[in-house]
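Student: Predicted model and sequence follow; I will ask about them next.
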Amino acid sequence: MRPITKEIYLNWYEEMLFWRKFEDKLASVYIQQKVRGFLHLYNGQEAILAGALHVMDLEKDRMITAYRNHVMPIGMGVDPKKVMAELYGKATGTSNGLGGSMHIFSKEHRFHGGHGIVGGQIPLGAGMAFGDKYFNRESVTLCFMGDGAVRQGSFHETLNLAMLWELPVVFIVENNGYAMGTSVKRTSNHTEIWKLGLGYEMPCGPVDGMNPVKVAEALDEAISRARSGKGPSLLEMKTYRYRGHSMSDAQKYRTKEEVEEYRKIDPITQVKDILIQNSYASQEEISVMDTKVKERVVECQKFAEESPFPDINVMYDAVYEQKDYPFLKHKLD
């Protein structure tokens with residue numbers, strides 16, 4: 001694993017803060033109905049992405065996840081302006097404004113969604129890993145899911161085949177404590193999700209998902225194992241989300257005191273404290289980074305708001321291969 005230097009900590013702070021503020025802005029414009037539909041935010045879970053990116057080979061490796069997927073493609077190299085435009089439903093978005101919040105996608109940057117079906121991405125992630133192994137691409141797929149998705153049958157079927165075929169995939173459970181509003185302890189007789197890997201003799205373990213260093217260390221080992229042909233791993237990243245499951249979540253299943261307790265270990269605050277304690281950055285330098293982040297977010301919002309909505313024909317072109325749309329009862333003008 002690459003050493004975690006001063007430059008890495010500076011980059012982590014700026015990028016994680018940008019991801020946080022980017023989504024804070026989305027929450028703000030959602031209330032204004034500029035972004036519609038469902039909106040699931042990543043606030044609090046940024047250390048997982050930061051640690052993962054540190055040990056991935058972004059020229060080869062892939063990422064696939066569920067619907068809490070706005071900042072992951074940004075980390076993989078997708079232009080954040082295009083991500084925000086997609087959430088606005090604009091033609092300049094990553095999917096021409098047709099995918100929206102749950103379906104960010106970029107083949108170019110090896111980010112394969114964004115999936116609205118709970119657990120739907122798990123077999124797809126294994127399938128991509130199968131393709132990479134078949135064609136000797138030396139790539140590793142990181143397949144993310146929430147704690148609720150592990151109750152899907154497809155999760156267990158996929159783990160079985162991934163071990164059987166020794167696929168180069170790392171299954172990452174982002175356990176933020178709640179599947180929508182249902183706590184982990186209400187869905188199973190045990191709360192250590194990582195132990196599900198033991199039934200398939202899959203290398204597995206728990207990880208402090210609020211600390212990017214711990215995430216990087218665990219994923220470096222798992223990715224190296226997968227790339228060397230030794231098969232998959234299952235990692236349970238123990239994390240927390242500071243906002244509701246989605247913007248419509250009243251959060252009656254948890255107390256404000258619980259949320260505030262987890263804010264004491266905010267991954268962004270942890271990295272900021274290291275910057276100050278080790279004299280990696282002064283408070284003035286941190287303020288400069290804060291201002292830079294705010295300006296980047298404003299640029300993204302301006303781009304999204306000034307972009308046009310897609311022409312109606314784009315919707316049909318994305319669905320139909322045959323250009324005369326033979327299955328439409330009413331032809332377009």
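Tutor: Yep, that arrived.
Student: If we ignore the residues flanking it in sequence, what's nearest Pro168?
Tutor: Ala226 (4.0 Å; Cβ to Cβ, 6 or more residues apart in numbering). From N, CA and C alone the C-beta is placed, and that goes for glycine too.
Student: so that neighbour makes contact with Val169?
Tutor: Yes - the criterion here is Cβ atoms under 8 Å, and Ala226 meets it with Val169 at 6.4 Å.
Student: who's more crowded, these two?
Tutor: Neighbours were counted for Ala226 and for Val169 using other Cβ atoms under 10 Å; Val169 has more, 32 against 27.
Student: isn't the more buried one right up against Cys143?
Tutor: Yes - look at Val169 against Cys143 with Cβ under 8 Å: they come within range, at 5.7 Å.
Student: can you list residues touching both of the two?
Tutor: When contacts are counted by Cβ atoms under 8 Å, 6 or more residues apart in numbering, Val169 and Cys143 are jointly contacted by Gly125, Ala126, Ala129.
Student: In strands only, show me these.
Tutor: Applying DSSP state E to the shared contacts of Val169 and Cys143, no entry is found in strands.
Student: Can you flag which of the residues you listed belong to helices?
Tutor: Members of the shared contacts of Val169 and Cys143 lying in helices (criterion: DSSP state H): Gly125, Ala126, Ala129.
Student: got the residues you listed as CSV, with neighbour count columns?
Tutor: CSV is the format used below for those (neighbours: other Cβ atoms under 10 Å):
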residue, neighbour count
Gly125, 29
Ala126, 26
Ala129, 28
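Student: Give the buried residues for the longest helix along the chain.
Tutor: When the chain is parsed with DSSP H, its longest helix is helix 6-31. Neighbour counts using 16 or more other Cβ atoms under 10 Å place 8-10, 12-23, 25-26, 29-30 of helix 6-31 among the buried residues.
Student: so what does that helix touch, helix or strand wise?
Tutor: Judged by 3 or more Cβ pairs under 8 Å, 6 or more residues apart in numbering; DSSP states H and E, helix 6-31 is in contact with helix 46-55, helix 71-76, helix 80-87, helix 267-277, helix 283-306.
Student: let's go with 6 Å and repeat that
Tutor: The contact analysis (3 or more Cβ pairs under 6 Å, 6 or more residues apart in numbering; DSSP states H and E) places helix 6-31 against helix 46-55, helix 267-277, helix 283-306.
Student: Just tell me which of those helices ends up closest to Ala85.
Tutor: helix 283-306 (4.4 Å; Cβ to Cβ).
Student: what's downstream of that closest one, the next helix or strand?
Tutor: Next along the chain after helix 283-306, taking DSSP states H and E as the criterion, comes helix 312-319.
Student: what's the offset of that following helix from the middle of its chain?
Tutor: Centroid separation for helix 312-319 versus its chain: 27 Å, with Cα atoms, centre = their mean, to the nearest Å.
Student: circling back: and the pLDDT for the residue nearest to Pro168?
Tutor: We have a pLDDT of 98 for Ala226.
Student: Also the one 3 residues further on?
Tutor: What the model reports as pLDDT for Gly229 is 97.
Student: Ile312 too?
Tutor: At Ile312, pLDDT is 86.
Student: now swap in Lys323 and tell me
Tutor: Listed pLDDT for Lys323 reads 74.
Student: Determine the number of other residues adjacent to the spatially closest residue to it that is not a sequence neighbour.
Tutor: Distance criterion Cβ to Cβ, 6+ apart; nearest residue to Lys323, sequence neighbours excluded, is Asp317 at 8.0 Å. Look at Asp317: counted by other Cβ under 10 Å, it has 14 neighbours.
Student: Please apply the same query to Gly120.
Tutor: Neighbour number of Gly120 under other Cβ under 10 Å is 17.
Student: And it, its phi and psi?
Tutor: Backbone torsions for Gly120, taken as degrees, to the nearest 10, come to phi -60, psi -30.
Student: can you check Val170 too?
Tutor: Here is the backbone geometry of Val170 (degrees, to the nearest 10): phi -120, psi 120.
Student: ok now do it, which residues does it touch?
Tutor: Leu142, Ala222, Ala226, Ser233 (Cβ atoms under 6 Å, 6 or more residues apart in numbering).
Student: which SS class is the first one?
Tutor: Assigned state for Leu142: strand (three-state reduction, DSSP: H, G, I helix; E, B strand; the rest coil).
Student: what about the helices in the stretch 51-200 of the chain?
Tutor: 71-76, 80-87, 121-134, 153-164 (DSSP state H, counting those that start in this stretch).
Student: In JSON lines, list the helices and strands packed on helix 6-31 along with mean pLDDT, distance to Ala66 and mean neighbour count.
Tutor: As requested, the helices and strands packed on helix 6-31 are arranged in JSON lines below (pLDDT from 0 to 100; distance: least, Cβ to Cβ, whole Å; neighbours: other Cβ atoms under 10 Å):
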{"stretch": "helix 46-55", "mean pLDDT": "98", "distance to Ala66": "13", "mean neighbour count": "25"}
{"stretch": "helix 267-277", "mean pLDDT": "98", "distance to Ala66": "20", "mean neighbour count": "18"}
{"stretch": "helix 283-306", "mean pLDDT": "98", "distance to Ala66": "23", "mean neighbour count": "15"}
